[in-house]
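Novice: Below is the structure, and that's it, no one-letter string:
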């Protein structure tokens, strides 16, 4: 049928997401996206809009994919707060160890490049980091951490999570990354109220 898309949109978005993740927004050309997705420029534009629109869709896809995993990890924070927060970090460590995806984090690298990106992309990265902080804050509230400490730990854990991604791109070993997590977990365990 004329005019009907002859490709899988999810597959094309995943391919574009990995291309952006691997090279970054500025260093990804339309030719790179065309090679990655198997779509010509015309199909890219008609299906996804311009390069920025496609990037925003990829950021949303990335945030949703890993956000749901983070939510699942933190879902038992009221019963087992330390195990839940460690599971949160495991999502990141498993992503870093996954040979099928690039090192690092698409949101972290977008945030680092925010000063030279368009305002819509920069705002989306800030929003994604805010959502990560909010999901941690909700989990820490459920764990009955004092309000001011919950705020501080949510900011800290978000920063640690993003630093794991940055460190992985510079060749930090799995053991070094786990040590970073262990130190944060130790601090959290001292701050949590005693469980009855």
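Specialist: Thanks, I have it. Just so you know, these numbers come straight off a predicted model, no measurement behind them. Residues are numbered from 1 along each chain as shown.

Novice: sec struct for residue 101, please.
Specialist: coil (DSSP: H, G, I helix; E, B strand; the rest coil).

Novice: What pLDDT is listed against it?
Specialist: Reported pLDDT at residue 101 in the predicted model: 93.

Novice: Torsion angles phi and psi at it?
Specialist: Backbone geometry at residue 101, expressed as degrees, to the nearest 10, gives phi -130, psi 160.

Novice: what's it in contact with, if anything?
Specialist: By C-beta atoms under 8 Å, 6 or more residues apart in numbering, residue 101 lies in contact with 18, 21, 95. For every residue, glycine as well, the C-beta is placed using N, CA and C.

Novice: Quick check: next helix or strand after the strand or helix carrying the second one?
Specialist: Secondary structure from DSSP states H and E places residue 21 in helix 9-23. Counting by DSSP H and E, the next helix or strand C-terminal to helix 9-23 is helix 30-37.

Novice: Buried ones in whichever helix or strand comes after that following helix, by neighbour count?
Specialist: Per DSSP H and E, the first helix or strand lying C-terminal to helix 30-37 is helix 41-48. For helix 41-48, the neighbour count (16 or more other C-beta atoms under 10 Å) marks 43-44, 48 as buried.

Novice: so helix 41-48 versus helix 9-23, what angle?
Specialist: Using axes from the mean of the first three to the mean of the last three C-alpha atoms, to 10 degrees, the inter-axis angle of helix 41-48 relative to helix 9-23 is 110 degrees.

Novice: list the buried ones in whichever helix or strand comes after helix 41-48?
Specialist: Counting by DSSP H and E, the element after helix 41-48 in chain order, helix or strand, is helix 51-74. Within helix 51-74, the residues that qualify as buried are 51, 54-63, 66-67, 69-70, 73-74, counting by 16+ other C-beta under 10 Å.

Novice: and what of stretch 92-108?
Specialist: Counting neighbours by 16+ other C-beta under 10 Å, the buried set in stretch 92-108 is 92-93, 95-96, 101-108.

Novice: same check, this time on stretch 114-132
Specialist: Result for stretch 114-132 [16+ other C-beta under 10 Å]: buried residues 114, 117, 121-122, 124-125, 128-129, 131-132.

Novice: Check which helices and strands the helix or strand containing residue 131 is in contact with.
Specialist: If you go by DSSP H and E, residue 131 is part of helix 119-142. Secondary-structure packing of helix 119-142 (3 or more C-beta pairs under 8 Å, 6 or more residues apart in numbering; DSSP states H and E): helix 51-74, helix 81-97, helix 106-113, helix 147-169.

Novice: So residue 84 is in contact with residue 77, correct?
Specialist: Yes: applying C-beta atoms under 8 Å, one finds residue 84 in contact with residue 77, separated by 4.0 Å.

Novice: so what sits against both of the two?
Specialist: Residues touching both residue 84 and residue 77 (C-beta under 8 Å, 6+ apart): 139, 143.

Novice: More neighbours: which of those two?
Specialist: Set residue 84 next to residue 77 and count neighbours by other C-beta atoms under 10 Å: residue 77 wins out with 24 against 21.

Novice: Cheers, nothing more for now.
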